[in-house]
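Q: sequence first, then the predicted structure:
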Amino acid sequence: MLLLGADEAGKGPVVGSMFVAGLVIDEERLFDLAAFGVRDSKQLSPAKREVLARKINAIAADQYILEVSPRVIDELRQVMTMNDIMVQSYAQVVAKLQADRAVLDAADVDASRFAERVRSASKTKMLLIAEHKADERHKVVSAASILAKVKRDASVRELEHSLGCKIGSGYPHDSDTIEFLSSWVKEKGELPECSRHSWATAQRIKASFI
């Protein structure tokens, strides 16, 4: 039996893209994921996630990682809620992959509603369920969370390299991220393209300098 797990990284940051990863493995490979030490990406160091991502890639039957840029998020938020964006993003990933059963990390307070909306939007025929903390309960979702987080981390590091400055994690609670945005707006008079302009944090920083 083929299993599909899906999870996101970067839903909440004010800087950088969001990534939704879908991973398909044979059910028998769950033993390998357990042996590797796969668990929720938030419980692992960046170095450990990178090592595990290589091992996961080696046994994957298929995978797809969707990047949703800050610009796309800002544009979509003019016509839909963030919950709607999450449904559409997960649906795109699910539609790209084939498995007998799919487990999603629920991106809605109502997990069953989220599953039904993704099923409808993706037009999938797979058995599909969504659970809160699925990345802690299902190894295939834990593995997907690792792939998404590694992609997100690499994306932020690439941004730092291209801009030649420290960005931090990109989350509003990170002082490095706030310093990056504040310095950018103070110097250039506008928010950087890599930030989510529709985020309250970005708007507050912009208003304090402009």
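A: Nice, I can see it.

Q: assign the closest residue in space to residue 166 that isn't next to it in sequence to helix, strand or coil.
A: Setting aside the residues directly before and after it, residue 166 is nearest to residue 176 in space (C-beta to C-beta, 6 or more residues apart in numbering), at 5.5 Å. The C-beta positions use only the backbone N, C-alpha and C, and glycine is treated the same way. Following DSSP: H, G, I helix; E, B strand; the rest coil, we place residue 176 in the helix state.

Q: for burial, what's the neighbour tally of residue 176?
A: 15 (other C-beta atoms under 10 Å).

Q: confirm that residue 208 sits in a strand.
A: No - under three-state DSSP, residue 208 falls outside any strand and is assigned helix.

Q: measure it to residue 24 for me?
A: Shown here: residue 208 relative to residue 24, a distance of 46 Å by C-beta to C-beta, to the nearest Å.

Q: the two: which has the busier surroundings?
A: Neighbour totals were compared for residue 208 and residue 24, and residue 24 leads with 23 against 10 (other C-beta under 10 Å).

Q: how near is the more buried one to residue 30?
A: 12 Å.

Q: which neighbours do these two share?
A: Residues touching both residue 24 and residue 30 (C-beta atoms under 8 Å, 6 or more residues apart in numbering) are residue 3.

Q: low-confidence stretches in the chain?
A: Counting by pLDDT under 70, the chain has low-confidence residues at 210.

Q: the longest helix along it - contacts with which helices or strands?
A: As assigned by DSSP state H, the longest helix anywhere in the chain is helix 139-163. Here helix 139-163 touches strand 2-9, strand 18-26, helix 30-36, helix 46-59, strand 62-68, strand 101-105, helix 134-137, going by 3 or more C-beta pairs under 8 Å, 6 or more residues apart in numbering; DSSP states H and E.

Q: want to throw the ones you listed into a markdown table with distance to residue 187?
A: Output for those, formatted as a markdown table (distance: least, C-beta to C-beta, whole Å):
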| stretch | distance to residue 187 |
| --- | --- |
| strand 2-9 | 29 |
| strand 18-26 | 27 |
| helix 30-36 | 45 |
| helix 46-59 | 29 |
| strand 62-68 | 28 |
| strand 101-105 | 38 |
| helix 134-137 | 38 |
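
Q: can you check which of those gets nearest to residue 154?
A: helix 46-59 (8.7 Å; C-beta to C-beta).

Q: from the middle of its chain, how far away would the closest one be?
A: The chain centre lies 16 Å from the centre of helix 46-59; the measure is C-alpha atoms, centre = their mean, to the nearest Å.

Q: repeat that for stretch 78-89.
A: That offset, for stretch 78-89, works out to 14 Å (C-alpha atoms, centre = their mean).

Q: please save the CA atoms from that stretch in PDB.
A: Only the C-alpha atoms of stretch 78-89 are listed here, as PDB (Å, rounded to 0.1, in the frame of the first residue of the first chain):
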ATOM      1  CA  GLN A  78      -6.900  40.100  -1.300                       C
ATOM      2  CA  VAL A  79      -9.500  37.600  -2.400                       C
ATOM      3  CA  MET A  80      -9.400  34.700   0.200                       C
ATOM      4  CA  THR A  81      -8.500  33.900   3.700                       C
ATOM      5  CA  MET A  82      -5.200  32.200   4.800                       C
ATOM      6  CA  ASN A  83      -7.300  29.100   5.500                       C
ATOM      7  CA  ASP A  84      -8.500  29.100   1.900                       C
ATOM      8  CA  ILE A  85      -4.800  29.500   0.700                       C
ATOM      9  CA  MET A  86      -3.900  26.500   2.800                       C
ATOM     10  CA  VAL A  87      -6.700  24.400   1.300                       C
ATOM     11  CA  GLN A  88      -5.700  25.300  -2.200                       C
ATOM     12  CA  SER A  89      -2.000  24.700  -1.500                       C
END
